[in-house]
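Student: I'll drop the sequence and a predicted model, then ask my questions.
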Amino acid sequence: MPVSLTRNAIASINDGDVNSRPLVQVLDIKLIGNTQERYRLLLSDSVSTQHAMMATQLNDRVKTGQVRKGSVVQLIDYICSTVQSRKIIVVLNMETILPDCEIIGNLRMLVGTDSSVANVVPDKTSSGSARVVNTNFGSKTTSNNGQSFQPTVQPPYQPPPNYRNHGPIMKNEAPARIIPIAALNPYQGRWAIKARVTAKSDVRRYNNAKGDGKVFSFDLLDSDGGEIRVTCFNALVDRFFDVIEVGKVYMISKGSLKPVQRNFNHLRNEWEILLESASTVDLCSDEDVSIPCQQFTFRSISEIENANNNSILDIIGIIISINPSIPILRKNGMETQRRIVNLKDMSGRSIELTLWGDFCNREGHKLQELFDAGIFPVVAVKAAKVSDFSGKSVGTISSTQLFINPDIPEAQSLRIWFDQGGKEVAAQSISRDIMPVGAKNEIRKTVSQIKDEGLGRSDKPDWVTVKATMSFIKTDTFCYTACPLMIGDRQCNKKVTKAGDGRWICDRCNQEFEECDYRYLLQAQIQDHTGLIWVTSFQESGEEILGCSAKELYNLKNEKQDDDKFTEVIRSRLFLEFLFRLKIKEELYGEEQRVKITVVKADRMDRSTEGRYLLDMLSKRH
């Protein structure tokens, strides 16, 4: 397929033309970078060659072979930057026109570019095409026909003359060109972006080897949908914190770019901006309606079931339950507030959303009022953190934003679905290992079927419901002393030991405290008409079985030493009939594989509900 490159395109790009979308050829590719993979290209327009840096989001083009030596590509988005007095093209987007092609044109290296990778010299072959020759400075190169060539090399660097006492030097005071956030990269010189502030953190103080300091950050969104985080330290906190307002549009320039830290930054950008003393942040007087107020990338609740722990994502759902706000002691010994709400969406799943700190009183109070009034509010959460402790849940972090009944299409669709029947649709919770409730989702088994069918021995756990009685409860070790401190959005719960001074010590948190928590670790036997099995119950299901908290039962036995009352509590629960919802999974104990059966929920048998279930089962069989 004949193809013509865009002659003199490289010279035009060096002169500032970034809109022509030229056809160029890739003559060489080199992988560079220690901490982050980047590809450097040698590009040709059939007349000149110049080096280019490829944006990391295009790395897959090279890895999959879409772009390789000889490929003819069209530059879609690109800029020209000066790095150490040398110009380099930064390719942000491109399309492959021909994956393979012979070298086109009679080429020369453009003066002023980096020639350390390859020089291009004429190859006097019958086809008249050029070829790429790897060279060292001053060395000779031999062509296929044995003819020697002396490659043209860049002249050695000469420092500029040192002028003294000859008057002031003129500075380039022209304003920096406004570019999209997506085009920002460390190889640019002067730049400016125009964007709206979508989130702003509080000032956080820290202490490290360099001393004390303070920091805050804010997130930006521009009219092209590009997002980036901006961070300010110490003196710049005092300078910019009161200037920045969420929802306002600013012109920002003269900052440095550093690689993003994914542990703390959820935005889809490989860079962060670090403001410096020369940076400028100017409020735009005109309200730019082309820049949206917020940008979401929602994940359905069913997708969150497979999300990685600690990942940051956006979620939208309708509140189906809300718990009161309670005080919680954090790992650092400070008290905060926690409120848990349950969200449901059209995927047939529900999930716990944990509100922390000010979210409990600010948005949490408004949600409680709406819910108590019979209104099921829609909640959109920007930047929620995923936890996989005992099922999947999401929680708020410092950069989280909550929007109640937002005016967006996703919220409107969810409201219509809920009002037109979605309210009555059963949703399976993916939080705290809670099994689905109701006959439609239950898998009923007998004790003998659990054993005979080898449940729990596959890669994933089996979830079943068993109608059985509580036949035996082990009472010598029914609970353990647990750490009450918080790790992230969950209680530590690790077993703690008592020190000589009477205080409790947690090895995980490396802290001491006056009061510990008591949590059930209950070993019991349940049986039906086909046999019996041992099961384990933890805190919530233990309270459902015994009807009291682990701390209350512990105090009866150990503090009050009321054996009669303690025995009465245990005996009152024996031979009661429950619907046990069980999680069955094979686990490794030492060097032995054992099937572990955990009670995730224990409901007292309701005769009328069970009767309806049996009648429904009979009707389905006939």
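Tutor: Yep, that arrived.

Student: Run a quick neighbour tally on K214.
Tutor: 16 (other CB atoms under 10 Å). The C-beta positions use only the backbone N, C-alpha and C, and glycine is treated the same way.

Student: Just say helix, strand or coil for it.
Tutor: Of the three states, K214 takes strand according to DSSP: H, G, I helix; E, B strand; the rest coil.

Student: ok, which stretches of the protein are helices?
Tutor: 9-14, 59-63, 235-240, 301-304, 358-361, 363-372, 409-419, 447-452, 539-546, 550-554, 563-573, 607-621 (DSSP state H).

Student: now for those, which one comes closest to C284?
Tutor: helix 235-240 (15.5 Å; CB to CB).

Student: Could you name the helices and strands sitting against the closest one?
Tutor: strand 211-221, strand 271-283 (3 or more CB pairs under 8 Å, 6 or more residues apart in numbering; DSSP states H and E).

Student: Could I get the average pLDDT for that helix?
Tutor: Here helix 235-240 scores 93 as its mean pLDDT.

Student: what distance separates that helix from the middle of the whole chain?
Tutor: Remark: helix 235-240 is offset 28 Å from the chain centroid, using CA atoms, centre = their mean, to the nearest Å.

Student: Show me which positions of it end up buried.
Tutor: Neighbour counts over helix 235-240 (16 or more other CB atoms under 10 Å) mark 236-237, 240 as buried.

Student: from the residues you listed, which single one is nearest R508?
Tutor: Nearest member of those to R508, counting by CB to CB, is V237, at 33.0 Å.

Student: and the gap between the closest residue to that closest one other than its chain neighbours and F240?
Tutor: Spatially, and ignoring its direct neighbours in sequence, V237 is nearest to K214 (5.1 Å; CB to CB, 6 or more residues apart in numbering). Here the distance between K214 and F240 works out to 12 Å (CB to CB, to the nearest Å).

Student: Generate TSV for the buried residues of helix 235-240, with distance to L370 as supplementary columns.
Tutor: TSV is the format used below for the buried residues of helix 235-240 (distance: CB to CB, whole Å):
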residue	distance to L370
L236	40
V237	36
F240	36
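
Student: quick one: low-confidence ranges for the stretch 351-500 of the chain?
Tutor: Within the stretch 351-500 of the chain, the segments meeting pLDDT under 70 span 389-390, 432-442, 487-490.

Student: Looking at strand pairing, list the partners for K200.
Tutor: Beta-bridge pairing for K200 (DSSP bridges): F218.

Student: give me the number of residues near it?
Tutor: Residues near K200, counting by other CB under 10 Å: 17.

Student: care to break this protein down by domain?
Tutor: In terms of domains, the chain is parsed into 9-149, 181-283, 301-429, 447-478+521-616 (source: automatic domain parsing).

Student: Can you show me the strands along the stretch 51-200 of the chain?
Tutor: Ranges of strands in the stretch 51-200 of the chain, per DSSP state E, counting those that start in this stretch, are 72-83, 86-98, 108-109, 119-121, 131-133, 141-142, 148-149, 192-200.

Student: quick one, which of those strands is packed in tightest?
Tutor: strand 119-121 (a mean of 23; mean count of other CB atoms under 10 Å).

Student: Which pLDDT value goes with M170?
Tutor: For M170, the model assigns a pLDDT of 41.

Student: likewise N558?
Tutor: So, for N558, pLDDT stands at 87.

Student: Equivalent analysis for N34, please.
Tutor: 55.

Student: Ok, V153 next?
Tutor: V153 is assigned 36 on the pLDDT scale.

Student: do the same with the one 5 residues further on
Tutor: Looking at Q158, its pLDDT reads 41.

Student: okay, and for the stretch 501-622 of the chain, where does confidence drop off?
Tutor: 590-591, 620-622.

Student: and with 80 instead?
Tutor: 508-510, 588-592, 608-609, 613, 616-617, 619-622 (pLDDT under 80).

Student: what does the stretch 1-150 of the chain give?
Tutor: For the stretch 1-150 of the chain (pLDDT under 80), the answer is 1-3, 33-37, 56-57, 81-86, 106-150.

Student: For the residue nearest to V237, give me its contacts.
Tutor: 203-206, 233-234, 237 (CB atoms under 8 Å, 6 or more residues apart in numbering).

Student: next one: G542
Tutor: Contacts of G542 (CB under 8 Å, 6+ apart): 478-479, 520-522, 550.

Student: Mind checking which of those are in strands?
Tutor: 479, 520, 522 (DSSP state E).

Student: Look up how far Q50 lies from the first one.
Tutor: Counting by CB to CB, the separation of C479 from Q50 is 72 Å.
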